[in-house]
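J.: Compute the structure for the input listed below.
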Amino acid sequence: MTSYLYIDDIENLALGSSFLGSGGGGNPYIGALLLKTAMKRFGIDRIELIDPKNLKDDKRVICSSGMGSPTIGSEKIPNGTEYAYAVKKLESILNEKFDYLSPIEIGGINSIVPFIAALHLNIPVLDGDGEGRAFPELQMTTFNLYQIKSTPMVLVDERGNDIIVNSIDNNWAEKIARVVTSKFGGRGYVANYPMTGKDYKKAAIFNSVTHAVELGKMLNTLKNTEGVEEILTYRTLAKKLFEGKLVDLVRDNSGGFSIGYAIFKSEINGISVLSRVRFQNEYLFYDKNINGKFIETITTPQIISIVDAESYKPITTDELRYGIMCKIFTIPIDTKWNKNSAKELVGKNAFKLLSNFNFH
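T.: Numbers count the residues shown, from 1 in each chain. Predicted coordinates for the structure are as follows:
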């Protein structure tokens, strides 16, 4: 059975994927505007969305995404053709055509851009991804967990520059691509993880696009109403960690990432209570202040989501601002990440750059 992403679903996808994306994946509302504009220009109101369980083993799949600092991405807006250009370039290198596009992650703009590429390439998008959330580095995927290579990979920029990467492993693919992205000005557009339908069905997280659309629709319908928190926690198994005001924000663009932390304050029975969220493109660590010292209580790979305290609109890392009133939730990660090797790939020790950041 064929499903579709309709033009009226785009805002819901942006909203739902932002809640699930742990603050990362790039600004979703820019992605929504790009996709809506492109669909109107092409004169269509829907894009084909395929359930992965119907995917044939011999079909060819490619992931389409952007990489780099979300803060820079909010200012350096693509024209929308870059994603398809990267895929076409990879097709010319491999001398083959891809049958399906897939999001690499469910988070921010990266949950939306495969649909932009689909318009230009006239191929459908799979209802799945390789993370079930967003992570900051290319090798941090369930595809990698199942030994699927990220390369050959193509990176392009908005000027028409393109780079072909063939690496010995996915860690080296990330290192090379990150340097290139920095030289591009902090934002690049990627076609990677070429794979068969058989491999995709083995490694992907199924129906994550549909899940994000349904979650976004619920948030749009229930925003600013009583009971939304109870329904949200029931639907996503989310747990509220904190509610308060953002009182301190430190952020730096370093090594192709947006790195820093936000501190939140609340008054409980006349006593000031603090919490801290540390991020490297995505929210990765939630620290509770105990006896004047911040102690890690929630760590990657669990999802950390920050929302506006009244509207429940998710707040991505590039949207953090002093003085906003927030609620902080944690959400369980998809069970695909239960493999023993996942801890090394996306656990706390995988984020050396953030660990070396100067937290005062």
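J.: Could I get the buried residue list for the helix or strand where Leu241 lies?
T.: For Leu241, the host element (DSSP states H and E) is strand 239-254. Buried residues in strand 239-254, counted by 16 or more other CB atoms under 10 Å: 241-244, 246, 251, 253-254. In this view, the C-beta of every residue, glycine as well, is placed from N, C-alpha and C.
J.: what do you get for stretch 55-71?
T.: The neighbour-count check on stretch 55-71 (16+ other CB under 10 Å) flags 55, 59-71 as buried.
J.: what's the answer for stretch 176-193, then?
T.: 176-178, 180-182, 184, 186-193.
J.: can you map out the strands along the stretch 101-250 of the chain?
T.: Assigned strands in the stretch 101-250 of the chain, in chain order: 125-126, 128-129, 153-156, 162-165, 187-196, 205-206, 239-254 (criterion: DSSP state E, counting those that start in this stretch).
J.: so which two of the buried residues of stretch 176-193 are the farthest from each other?
T.: The span of the buried residues of stretch 176-193, defined through CB to CB, is set by Gly186 and Tyr193 at 22.4 Å.
J.: picking up where we left off before, save the strands of the stretch 101-250 of the chain as CSV, and put in mean pLDDT too.
T.: Formatted as CSV, the strands of the stretch 101-250 of the chain follow (pLDDT from 0 to 100):
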stretch, mean pLDDT
strand 125-126, 98
strand 128-129, 98
strand 153-156, 98
strand 162-165, 97
strand 187-196, 97
strand 205-206, 97
strand 239-254, 92
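J.: Of these, which is nearest Glu48?
T.: Nearest of the strands of the stretch 101-250 of the chain to Glu48, taken as CB to CB: strand 125-126 at 7.1 Å.
J.: which other helices and strands contact the closest one?
T.: With contacts taken as 3 or more CB pairs under 8 Å, 6 or more residues apart in numbering; DSSP states H and E, strand 125-126 sits against strand 46-50, strand 100-103, helix 113-121.
J.: tell me the domain ranges of this structure?
T.: Residue ranges for the domains of the chain, per automatic domain parsing: 3-209, 235-355.
J.: so which of the ones you listed comes closest to Glu229?
T.: domain 235-355 (6.9 Å).
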